[in-house]
Structures are given as structure tokens and as C-alpha cells.
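> Pasted the sequence and its predicted model underneath.
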Amino acid sequence: MVSVKKIDGKDALFDPRTDILSDDFEVAYVKSLLAKQPGKDIASVLMDQQVFTGVGNKIRVEALYRAGVHPLSKAGKIPAKVLGKLIAAVRSYAQIFYKNLEKTGTNQDFKAYQQEHDPQGNEITMKYLAKEKRKVYFSERKQKLYT
């Protein structure tokens, strides 16, 4: 059974304002949704398809790494400028990810995901998030924890 949510009076399966690949993506709207979940780990919020439609684990890990944000940071503690950088990293890496998939059928452009070290030689830590049943990969040296 599919659940349909009304958006602006129209039936839609998703909100294009949250679709990371959409031209209709709205940073301000996504920030307003993030503001409603200040105590949640940013790693969890990034996987919430009502907030970031299209983000999967690989995009989450790489965007957090590229923005320098630790996955266990609380969404409400991340400074606005850093949050803007993270949202831009999500959209930017998604473009890279899907272009690679389209071109070669695979994507191997990973700096943190399933890596032992990042390109600068920093150790990458893997943590299993039991609630999500997913792994996150991050650099303690490069990614700042906001709590």
C-alpha cells in the first residue's frame, strides 16, 4: 500500500522541495525541517526521506565527510554556515554519485565510505548504528562533533 501525502493541495508521492536532485529543492525549507529535529543525530536526519529525499547511506557518509561534520552531531547544534555547507555537499555528491553510475554502472568515488584511511591518510572509523541497521564511516580528525 502506498501512502500519498498532499502537498500544496496536490497529490504527490514526495515533496520536490526535499528531493536532492530536483531543481525545485529548497534549502530554506529543508533547514526548517531540520530545525524541527534539533536533538536527533544528523546521520539519522539525513536518512529521513521526508527531509532529504534520495539520500542513501553512501551519499550520507560522503556528504558528512566532505562537509567535515561528524555523523553523531546533533542537528540543532550544527552552526548555520556548516549546515549550509552540509546541504550543499549532499546535493553535490549526489550529482557525482549518479553521474558515475550513469557513465560506468558503478561509483567508486569514495573518500570515507568503506575506506580504512581518507585521502590525507587519516584513519576512518566505522560505527554500526543499530537503530538504522546501517554503518557510518567517518574521520575523527576531519569531522567535527557538534553536541
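That came through, no problem.
> got the contact list for the residue most central in space within the chain?
Among the residues of the chain, the smallest C-alpha distance to the mean C-alpha position (CA atoms, centre = their mean) belongs to residue 60, namely 3.5 Å. Taking CB atoms under 8 Å, 6 or more residues apart in numbering as the criterion, residue 60 is in contact with 43, 46, 47, 71, 90, 136. (C-beta placed from N, C-alpha, C; glycine too.)
> Distance of the first one relative to residue 73?
Spelled out, it's residue 43. Residue 43 sits 8 Å away from residue 73, going by CB to CB, to the nearest Å.
> Could you pull out the buried residues of the longest helix along the chain?
Ranked by residue count and defined by DSSP state H, the top helix of the chain is helix 80-104. Residues of helix 80-104 classed as buried by neighbour count (16 or more other CB atoms under 10 Å): 82, 83, 85, 86, 87, 89, 90, 91, 93, 94, 97.
> list the helices and strands whichever helix or strand comes after that helix packs on?
Past helix 80-104, heading to the C-terminal end, the next element that is a helix or strand (DSSP states H and E) is strand 125-129. Identification of packing neighbours for strand 125-129 by 3 or more CB pairs under 8 Å, 6 or more residues apart in numbering; DSSP states H and E yields strand 134-138.
> which secondary structure elements does the strand it packs on contact?
Secondary structure elements in contact with strand 134-138, counted by 3+ CB pairs under 8 Å, 6+ apart, are helix 57-67, strand 125-129.
> Mean pLDDT and distance to residue 20 added to those, as CSV?
Formatted as CSV, the entries for the helices and strands packed on strand 134-138 read as follows, by pLDDT from 0 to 100; distance: least, CB to CB, whole Å:
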stretch, mean pLDDT, distance to residue 20
helix 57-67, 98, 8
strand 125-129, 97, 20
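> most tightly surrounded among these?
Mean neighbour counts were taken over the helices and strands packed on strand 134-138 using mean count of other CB atoms under 10 Å, and the top value, a mean of 23, falls to helix 57-67.
> count of neighbours near residue 120?
Taking other CB atoms under 10 Å as the criterion, the count of residues near residue 120 is 9.
> Not counting sequence-adjacent ones, nearest residue to it?
residue 142 (7.4 Å; CB to CB, 6 or more residues apart in numbering).
> got it, and residue 45?
Once its chain neighbours are removed from consideration, residue 45 has its nearest residue in residue 75; the separation is 5.0 Å (CB to CB, 6+ apart).
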